[in-house]
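Chemist: only the shape, not the letters, is given here:
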């Protein structure tokens, strides 16, 4: 068990643009950041001054790799590799096998996003968010896109459930 | 595509397993309806030349592809690609995304994923690695507890283990294992003879036992038979650093 005053741990699977960006943002908030990727080359995207950041080389759908990333005492797990199925499987491993309190999964395919929402996986669909943003921009309506609102509302729910 | 009466199988993944499976099913019963989905265009063409119209090009993890081949009326979905994540998602999408009931059967390559697949709703999980290990176990004793069946609703499953020379339980009755109340050692194989052990039975080296155990019971069994150095497990203890 982590000591009460130790920083919260976030495990990020996939060190692409989004993964690296998230890693930096959470490191700035003094999180204990663990980044998993199957390509060593991917870690070049991380900032050099990365304090509180550790990299783990391996396939994040493999429970033994997740264990070596310290998932057992992680507060957050984020799956942002390029493969929808990889993200989905890893998120379910994090949620069901390791009971990580907050799990977020990126799913590009809107239909799979919908199905896994129904199965209790908290997912973000960049396709819907991106398309909505462009659509509203073009149609002269500068309201926040629906998909983004949905994602934020859902995220709030997760946080509240987690707190209660 | 020809539509026949009888059982309808959708096979996802046109590798070697998918190919032979499709062929076998078509040969087994002319009433079977079979569709083989293959994502790669070149591979799909090649399969089509050999197997004909049963081959459809498409990603079986996508709702649209499954819709196209009428997943809602399928009796079985067989997920047999070489990637565990694709097989898992295929099974879940085929169940959660479509009305009606169908059995989902998945191939797992990493045998550590067997339990996860069952927990996440796959009906039958086939692990070539585990099957080969089981077969080897018949020939050469493997010092590990091998899962024989998936857990039942009560959370019990059948396991098999061989008793090594230095098993901590030697000289003590089976009751000394301290298995949970609903767990039991159900069969003892000694010198190729089967018997049903009691809680007072003493085990000997080279015995093979089958036991009905919970997860906790399995660990206890492992401890009593294999001692302090059982095979590495995934979940416990969480080695953090």
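Modeler: Right, received. Where do you want to start? The shown structure was predicted, so the numbers you read here are calculated from the model rather than taken from an experiment.
Chemist: mind checking which helix or strand of chain A has the lowest mean pLDDT?
Modeler: In chain A, no helix or strand scores lower on mean pLDDT, DSSP states H and E than helix A:146-163, which sits at a mean of 75.
Chemist: list of residues touching that helix?
Modeler: Residues from elsewhere that reach helix A:146-163, judged by Cβ atoms under 8 Å, 6 or more residues apart in numbering or on different chains: A:101, A:102, A:104, A:122, A:124, A:125, A:128, A:129, A:131, A:132, A:133. Where C-beta positions appear, they are placed from N, C-alpha and C, glycine not excepted.
Chemist: now chain B, which segments are flagged as low pLDDT?
Modeler: B:1-5, B:137-143, B:228-241 (pLDDT under 70).
Chemist: most remote residue from it's center?
Modeler: Farthest-out residue of chain B from its mean C-alpha position, per Cα atoms, centre = their mean: residue B:171, at 34.6 Å.
Chemist: tell me the contacts of it?
Modeler: Contacts of residue B:171 by Cβ under 8 Å, 6+ apart are residue B:202.
Chemist: circling back to that earlier point, the contacts of helix A:146-163 also near chain B: which ones?
Modeler: Here nothing survives when the contacts of helix A:146-163 are matched to chain B using Cβ under 8 Å from any Cβ of the partner chain.
Chemist: for those residues, which two are the farthest from each other?
Modeler: Farthest-apart pair in the contacts of helix A:146-163 is A:101 and A:131; separation 30.7 Å (Cβ to Cβ).
Chemist: which SS class is the residue of chain A found nearest chain B?
Modeler: Nearest residue of chain A to chain B (Cβ to the nearest Cβ) works out as residue A:72 at 3.1 Å. Assigned with DSSP: H, G, I helix; E, B strand; the rest coil, residue A:72 falls in the helix class.
Chemist: what is the burial count for it?
Modeler: 20 (other Cβ atoms under 10 Å in any protein chain shown).
Chemist: who wins on neighbours among the contacts of helix A:146-163?
Modeler: Result: residue A:125 is most packed of the contacts of helix A:146-163 (other Cβ under 10 Å), 25 neighbours.
Chemist: pretty sure that one contacts residue A:108?
Modeler: Yes: counting by Cβ atoms under 8 Å, residue A:125 touches residue A:108, with 6.9 Å between them.
Chemist: in helices only, show me the contacts of helix A:146-163.
Modeler: A:128, A:129, A:131, A:132, A:133 (DSSP state H).
Chemist: isn't the first one up against residue A:113?
Modeler: Same thing as residue A:128. Yes: counting by Cβ under 8 Å, residue A:128 touches residue A:113, with 7.2 Å between them.
Chemist: now for residue 39: which residues touch it?
Modeler: By default, I'm working from chain A. Shown in contact with residue A:39 (Cβ under 8 Å, 6+ apart): residue A:15.
Chemist: sorry, should have said chain B
Modeler: Taking Cβ under 8 Å, 6+ apart, one finds B:57, B:58, B:59, B:60 in contact with residue B:39.
Chemist: could you work out the most separated pair of those?
Modeler: Farthest apart among the contacts of residue B:39 by Cβ to Cβ are B:57 and B:60. That separation is 10.7 Å.
Chemist: which neighbours do those two have in common?
Modeler: Shared contacts of residue B:57 and residue B:60 (Cβ under 8 Å, 6+ apart): B:37, B:39.
Chemist: more neighbours: the two, which one.
Modeler: More neighbours surround residue B:60 than the other of residue B:57 and residue B:60, with 32 against 18 (other Cβ under 10 Å).
Chemist: and that one, what element?
Modeler: Counting by DSSP states H and E, no helix or strand carries residue B:60.
Chemist: correct me, but residue B:174 touches residue B:185?
Modeler: Yes: if you go by Cβ under 8 Å, residue B:174 and residue B:185 touch, sitting 5.3 Å apart.
Chemist: touching both of the two, which residues are there?
Modeler: Residues touching both residue B:174 and residue B:185 by Cβ under 8 Å, 6+ apart: B:197, B:201.
Chemist: need the residues of chain A near chain B, please.
Modeler: Near chain B, the residues belonging to chain A are A:61-64, A:67-68, A:70-73, A:83-86, A:88-90, A:92-93, A:96-98, A:109, A:111-112, A:115-116, A:118-119 when assessed by Cβ under 8 Å from any Cβ.
Chemist: just the buried members of the residues you listed?
Modeler: Neighbour-count burial (16 or more other Cβ atoms under 10 Å in any protein chain shown) applied to those gives A:61-63, A:67-68, A:70-73, A:83-86, A:88-90, A:92-93, A:97-98, A:109, A:111-112, A:115-116.
Chemist: among these, name the ones in helices.
Modeler: For these, the ones inside helices are A:63, A:67-68, A:84-86, A:88-90, A:92, A:111-112, A:115-116, with DSSP H as the criterion.
Chemist: kindly indicate whether residue B:168 is helix, strand or coil.
Modeler: What three-state DSSP gives for residue B:168 is coil.
Chemist: from residue A:17, how far off is it?
Modeler: Computed as Cβ to Cβ, to the nearest Å, the residue B:168 to residue A:17 distance reads 53 Å.
Chemist: who's more crowded, these two?
Modeler: Taking other Cβ under 10 Å, residue B:168 and residue A:17 do not tie; residue B:168 has more neighbours (15 against 10).
Chemist: which non-adjacent residue is nearest that one?
Modeler: Distances taken as Cβ to Cβ, 6 or more residues apart in numbering or on different chains place residue B:227 nearest to residue B:168, at 5.0 Å, with adjacent residues excluded.
Chemist: count of neighbours near the one you found?
Modeler: Around residue B:227 there are 14 residues (other Cβ under 10 Å).
Chemist: ditto for residue A:7
Modeler: Neighbour count for residue A:7, taken as other Cβ under 10 Å: 16.
Chemist: ok so, going back, TSV for the contacts of helix A:146-163, including pLDDT?
Modeler: TSV is the format used below for those (pLDDT from 0 to 100):
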residue	pLDDT
A:101	97
A:102	97
A:104	97
A:122	95
A:124	96
A:125	96
A:128	93
A:129	92
A:131	91
A:132	86
A:133	85
